[in-house]
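# no sequence on this one, just coordinates:
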């Protein structure tokens, strides 16, 4: 079947029609003509796959990764066009869903569009005597696609995964079936986390220490969720805007540090922190936002539920000499009433992809702090939550950060002020 691509829709699929019926495709730029196959039919639309581009867009380019459709499906699109697609999608979500005028919208493209990821997680497949890295196919936890190199990660990370695969084959540590690499922005520290099915420590991995600047090697027995330190400290350190942050293999930390610096700079000039006595940082992770502004406000309240994040949060407060912080350990939804009773002047909200829970939203709009800074990795849930928050707030500014170049994903920061 030959079709003409109409547009790219969130998150990263292409739309065309055949006799009026909508077809969602795995890729395709507006204006392109393509030969497609229909994979499945849903009630109101069909799902198709492009077999051949008959007439290509001049904005199409050659992907660098062979597996790009799995982890970075925008690689076939020239980078400035990727940014425009994300801008248009955000604008459409705001105007059609929120039905409000566009606020001040600031765009921050990624400074680095290759090698920007400081975290890489791969599965390891064992097929006879051969070993391969792999990613899950989207929507199917049982199927994989092979991965050779990841151009979103650094050259050093790619060298490490090559050396690691050779080592586990030579040492016959074939019970390791997942690996995570974390790296600081100066490439002076790397943390290697291995996941396996057997209890014994894979001591052979210590050979990696001589080849790479490893700060630690950690082995996690998957069934027991038991963590064993093979070598080093089991943590990594990042220096950011004059502050020092420690984090572990499974701690949350942003993957694109230059983009994070842009966000922090925008946040500093968007909120009059000098007028904020109490700052509450919800879903604070290892404490980046709260610690960054701890010297400006009188008090910070830090809410976090992960035990690993709490461990490094305490270490980061100490290493940065922060003495005006209170930690609230637990889920935000359970603690939000207690936080609001302290009358914070500003809330920083950086939730997981699912966004805020309805109960938390309702409590916030009933006792609204002067400012809310809502940082989101999913525009759809941000817009959903803004629907509620705008009952008590006005949307002052919206920032779009391309933390995830070559992917459909984006980071947004909404600045809200109480009405």
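Yep, that arrived. In this text, all values refer to a predicted model and were calculated from it rather than measured experimentally. Residues are numbered from 1 along each chain as shown.

# and the residue nearest to residue 135 when sequence neighbours are not counted, helix, strand or coil?
Leaving aside its sequence neighbours, residue 135 sits nearest to residue 70 (C-beta to C-beta, 6 or more residues apart in numbering; 4.6 Å). Placement of C-beta: from N, CA and C, glycine included. Here residue 70 takes the helix state, with states given by DSSP: H, G, I helix; E, B strand; the rest coil.

# roughly how far apart are residue 70 and residue 133?
Distance of residue 70 to residue 133, given as C-beta to C-beta, to the nearest Å: 12 Å.

# higher neighbour count, the two?
residue 133 (22 against 17; other C-beta atoms under 10 Å).

# Locate that one within the secondary structure: which element?
strand 130-137 (DSSP states H and E).

# Buried ones in that strand, by neighbour count?
131, 132, 133, 134, 135 (16 or more other C-beta atoms under 10 Å).

# Tell me which residues are up against that strand.
Under the contact criterion C-beta atoms under 8 Å, 6 or more residues apart in numbering, strand 130-137 has outside partners 67, 70-71, 122-125, 143-148, 161, 165, 168-169, 174.

# If we use 10 Å, what do you get?
67, 69-71, 120-126, 142-150, 161-162, 164-166, 168-169, 174, 176-177, 179 (C-beta atoms under 10 Å, 6 or more residues apart in numbering).

# Can you go through these and name the buried ones?
67, 69-71, 120, 122, 124, 144-145, 147, 149-150, 161, 164-165, 168, 176-177, 179.

# Could you list every helix and strand in contact with the lowest-mean-pLDDT helix or strand in the chain?
Sorted by mean pLDDT, DSSP states H and E, the helices and strands of the chain end with strand 140-147, the least confident at a mean of 81. When contacts are defined as 3 or more C-beta pairs under 10 Å, 6 or more residues apart in numbering; DSSP states H and E, strand 140-147 packs onto helix 68-71, strand 119-127, strand 130-137.

# With mean pLDDT and distance to residue 330 added, can I get those in TSV?
Shown next, in TSV, are the helices and strands packed on strand 140-147 (pLDDT from 0 to 100; distance: least, C-beta to C-beta, whole Å):
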stretch	mean pLDDT	distance to residue 330
helix 68-71	88	33
strand 119-127	91	26
strand 130-137	86	31
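
# Would you give the sheet partners of the least confident helix or strand of the chain, along with the direction of each?
strand 130-137 (antiparallel) (DSSP bridges).

# The strand it pairs with versus strand 119-127: what angle between them?
120 degrees (axes from the mean of the first three to the mean of the last three C-alpha atoms, to 10 degrees).

# Surely residue 27 is within a helix?
No. Counting by three-state DSSP, residue 27 is not part of a helix but coil.

# what packs against the helix or strand hosting residue 291?
In this assignment (DSSP H and E), residue 291 forms part of helix 288-292. Here helix 288-292 touches strand 235-240, strand 243-248, helix 257-270, strand 278-282, strand 299-304, helix 307-319, strand 325-329, strand 346-349, going by 3+ C-beta pairs under 10 Å, 6+ apart.

# In the chain, where is pLDDT below threshold?
For the chain, the stretches with pLDDT under 70 are 139, 141.

# Show me which residues of the longest strand belonging to it are buried.
Of all the segments assigned as strand in the chain under DSSP state E, the longest by residue count is strand 45-55. For strand 45-55, the neighbour count (16+ other C-beta under 10 Å) marks 46, 48, 50, 53 as buried.

# Out of these, which is nearest to residue 397?
Nearest to residue 397 out of the buried residues of strand 45-55 is residue 50 (C-beta to C-beta; 38.2 Å).

# Residue 329 contacts residue 303, correct?
Yes. Applying C-beta atoms under 10 Å, one finds residue 329 in contact with residue 303, separated by 8.2 Å.

# list residues touching both of these two?
Common neighbours of residue 329 and residue 303 (C-beta under 10 Å, 6+ apart) are residue 335.

# the more surrounded of those two?
Neighbour tally, residue 329 and residue 303, criterion other C-beta under 10 Å: the higher count belongs to residue 303, 25 against 14.

# residues contacting that one?
Per C-beta under 10 Å, 6+ apart, neighbours of residue 303: 280-284, 290, 326-332, 334-336, 338-339, 347-349.

# how does it look with 7 Å?
281, 282, 283, 284, 328, 332, 335, 339 (C-beta atoms under 7 Å, 6 or more residues apart in numbering).

# now swap in residue 241 and tell me
Taking C-beta under 7 Å, 6+ apart, we find residue 241 in contact with 261, 264, 292.

# Now distance to residue 228 and neighbour count too, for those, in TSV please.
Below are those laid out as TSV (distance: C-beta to C-beta, whole Å; neighbours: other C-beta atoms under 10 Å):
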residue	distance to residue 228	neighbour count
261	35	15
264	35	16
292	33	22
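
# so can I have JSON lines of the residues you listed showing distance to residue 114?
What follows is the contacts of residue 241, written out as JSON lines (distance: C-beta to C-beta, whole Å):
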{"residue": "261", "distance to residue 114": "18"}
{"residue": "264", "distance to residue 114": "23"}
{"residue": "292", "distance to residue 114": "28"}
